[in-house]
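Student: Here is the input, now give the coordinates:
(chains A and B)
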Amino acid sequence: MLDIKQIRDNKEAVETALLKRMDPADLDLAAIIVLDDSRKDLIQKVDTLKAERNQFSKTKPDAETIKRMKDLGEQISALDNELEKVENDFREKMLALPNIPADDVVAGGKENNAVAYTFGAKPEFSFAPKDHVELATSLDIIDYERAAKMSGSGFWIYKGAGALLEWALLNYFVDYHTANGYTFILPPFLLNEASATASGHLPKFRDDLFWTEDKLCLNATAEMMLGNYHRDEIIKTELLPLKYFAYSPCFRREAGSYRKEERGMVRGHQFNKVEMFQYVKPEDSWEAFNQMRSQAEKLLAGLGLHFQTSQLAAGDCSAAMAKTVDLEVWIPSMGIYKEVSSVSNALDYQARRGAMRFKNEVSGKTEFLHTLNGSGLATSRLLPAILEQFQQADGSVLVPDVLRRYLPGQMSVIKPVN
RNA sequence: GGAGAGUUCGCAUAGUGGUCGAGUGCGCUCGCUUGGAAAGCGAGUAUACCCUAACCGGUAUCGAGGGUUCGAAUCCCUCACUCUCCGCCA
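Tutor: From the prediction side, this is the model:
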């Protein structure tokens, strides 16, 4: 959520910035200001009446005063009702506004994304490379058919060396973030509506979430949990920055048909992800952003995979974010780069929504924190990338060095079954 | 799933319809005292919104929401959570 004061004081500047990501037809700041005016006006009126009532409530009133107070009470509840309507309307419009893009974020949609960094190069094969579905099947490390039998399409089963490799990736991530000073969180994987609303995923993603009969939804990203962790809290300044990372399976309905090129494990209903999250003082957030980006890049580079980092244009960033970069790994069989991490700075947008604050020692005032999140990393596209980028002529796959210590017998190669 | 007890200002507690936004103790901050400290003494110590240049002031908040009332921490209803006992449990 944006700051209404900022909108009132710098209407044109806010408008210009928001138009980098919004259709002009959807943007009407003047209407919001009008609502805010009438909201303030009503608050003043009703507060004055309540002050009068409180004066009389301090003593036992006589019959005549009781009559007057009764009348006053009716005026108050009428005004309160009106105020509630205005405030709901105001809040709804405010929540619908996306974050203001950072100055260096370009306008427009996906087509304006720009490659900001490249690691490694596209592998050259002296043989006909296989795609990851073929590889995983011949290596017997992913079972797609039985997963479909048990749970339907869009699921897969990690098996044997595949499960070990997946687990090794997660261990690699856990050790890395721990060494970087992040606190490990294993959150619940079901959450209630209030939390999903506070994290900004509701109402927008209601249809993309799985719902239980108990009115809980399955976690779609650990960001939902980490972003709620300090909701309605005032953090002691000396505790900042707070850095967390969480592992969770992520469940997404991914409603709509799969495109053919997204077969295999590139898009599924369930995948594993480790998520980084930071709560920082406002003046530190851009430094923290660069830090998280570089941490995600090093983590991915550590696997030896060819990837690129894209700076997203304003319209391609998710609504809560002022700036986002995506780390995209090369999938040879598809001939494209697929997202494995997204690192974003929300500034105070999420903190405002969730009332996450700290006491500024210098000014003595309570201020909103800045929040940042970044995947570190999602595995569902890493495994295909590893299989495809590191495949050998004999159909075997080399295991990245950094993962071998997590595998039995320091396994260095996964060989096809006969 | 059933029965009971609870949820008040950082912590512990007091408060059963008006003078309670709320007492006391502890903690914390500042000051006095001291060579220094402890003890003691004094003052202060929530959040949001509205008004204001600021001070001052106003409104709301006693788990959440609704109701009764001229007036609710206090009475009634619903819900959430915590604890105890019973039942169930791949």
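Student: okay, CA-based contacts and neighbour counts for the rest of this
Tutor: Will do.
Student: Quick one: residues contacting whatever residue of the stretch 251-400 of chain A ends up closest to RNA strand B.
Tutor: Nearest to RNA strand B in the stretch 251-400 of chain A, going by C-alpha to the nearest atom of the strand, is residue A:366, at a distance of 5.2 Å. Contacts here follow C-alpha atoms under 8 Å, 6 or more residues apart in numbering; on that basis residue A:366 touches A:234, A:357, A:358, A:359, A:360.
Student: Show me which parts of stretch A:46-64 are buried, residue by residue.
Tutor: For stretch A:46-64, a neighbour-count test (16 or more other C-alpha atoms under 10 Å) marks A:46, A:49, A:53 as buried.
Student: Now intersect these with the strands, please.
Tutor: Assigned to strands by DSSP state E, none of the buried residues of stretch A:46-64 qualify.
Student: Tell me the one of those nearest residue A:328?
Tutor: The shortest approach to residue A:328 among the buried residues of stretch A:46-64 belongs to residue A:46, at 54.6 Å (C-alpha to C-alpha).
Student: so what's that closest one scoring on pLDDT?
Tutor: If you check residue A:46, the pLDDT there is 92.
Student: ditto for residue A:62
Tutor: The model reports residue A:62 with a pLDDT of 77.
Student: now do residue A:267
Tutor: pLDDT, read off for residue A:267, is 77.
Student: tell me the contacts of it?
Tutor: A:154, A:380.
Student: I'd like to know how many residues surround the closest residue to residue A:395 other than its chain neighbours.
Tutor: Distances taken as C-alpha to C-alpha, 6 or more residues apart in numbering place residue A:416 nearest to residue A:395, at 6.4 Å, with adjacent residues excluded. By other C-alpha atoms under 10 Å, 16 other residues sit near residue A:416.
Student: where does residue A:416 land in three-state SS?
Tutor: Under DSSP: H, G, I helix; E, B strand; the rest coil, residue A:416 falls in the coil class.
Student: Do you know the pLDDT at it?
Tutor: pLDDT at residue A:416 comes out at 86.
Student: got it, and residue A:259?
Tutor: With respect to pLDDT, residue A:259 has a value of 52.
Student: And residue A:191, by the same measure?
Tutor: Predicted confidence (pLDDT) for residue A:191: 88.
Student: cool, and the one 3 residues further on?
Tutor: The predicted local distance difference test score for residue A:194 is 80.
Student: beta partners of residue A:375?
Tutor: residue A:275 (DSSP bridges).
Student: middle-most residue in chain A, spatially?
Tutor: Centroid-nearest residue in chain A, with C-alpha atoms, centre = their mean: residue A:223, separated by 4.9 Å.
Student: Quick check: that one touching residue A:376?
Tutor: No: the pair residue A:223 / residue A:376 is not scored as a contact, 11.6 Å apart, by C-alpha atoms under 8 Å.
Student: list residues touching both of the two?
Tutor: Residues touching both residue A:223 and residue A:376 (C-alpha under 8 Å, 6+ apart) are residue A:275.
Student: So which residues of the stretch 51-200 of chain A form strands?
Tutor: Under the criterion DSSP state E, counting those that start in this stretch, the stretch 51-200 of chain A carries strands at the ranges A:114-119, A:142-143, A:157-158, A:183-185, A:190-191.
Student: The ones you listed into JSON lines, with extra columns for distance to RNA strand B and mean neighbour count?
Tutor: Shown next, in JSON lines, are the strands of the stretch 51-200 of chain A (distance: least, C-alpha to the nearest atom of the strand, whole Å; neighbours: other C-alpha atoms under 10 Å):
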{"stretch": "strand A:114-119", "distance to RNA strand B": "37", "mean neighbour count": "14"}
{"stretch": "strand A:142-143", "distance to RNA strand B": "23", "mean neighbour count": "21"}
{"stretch": "strand A:157-158", "distance to RNA strand B": "19", "mean neighbour count": "16"}
{"stretch": "strand A:183-185", "distance to RNA strand B": "18", "mean neighbour count": "17"}
{"stretch": "strand A:190-191", "distance to RNA strand B": "11", "mean neighbour count": "16"}
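Student: How many residues are close by the residue lying closest to the residue of the stretch 251-400 of chain A closest to RNA strand B once chain neighbours are set aside?
Tutor: Spatial nearest neighbour of residue A:366, chain neighbours left out: residue A:359 (4.5 Å); criterion: C-alpha to C-alpha, 6+ apart. Using other C-alpha under 10 Å, residue A:359 is surrounded by 18 other residues.
Student: Torsion angles phi and psi at residue A:359?
Tutor: Main-chain dihedrals, residue A:359, degrees, to the nearest 10: phi -90, psi 120.
Student: Show the contacting residues for the closest residue to RNA strand B within chain A.
Tutor: RNA strand B sits closest to residue A:51 of chain A, with a gap of 3.0 Å, by C-alpha to the nearest atom of the strand. Contact analysis of residue A:51 by C-alpha under 8 Å, 6+ apart lists nothing.
Student: Could you do residue A:107 as well?
Tutor: Shown in contact with residue A:107 (C-alpha under 8 Å, 6+ apart): A:19, A:20, A:21, A:313, A:314, A:315.
Student: Tell me where chain A has helices.
Tutor: Counting by DSSP state H, the segments of chain A that form helices are A:4-9, A:11-18, A:29-57, A:63-96, A:132-138, A:144-151, A:161-179, A:193-198, A:223-226, A:285-301, A:349-354, A:382-389, A:401-404.
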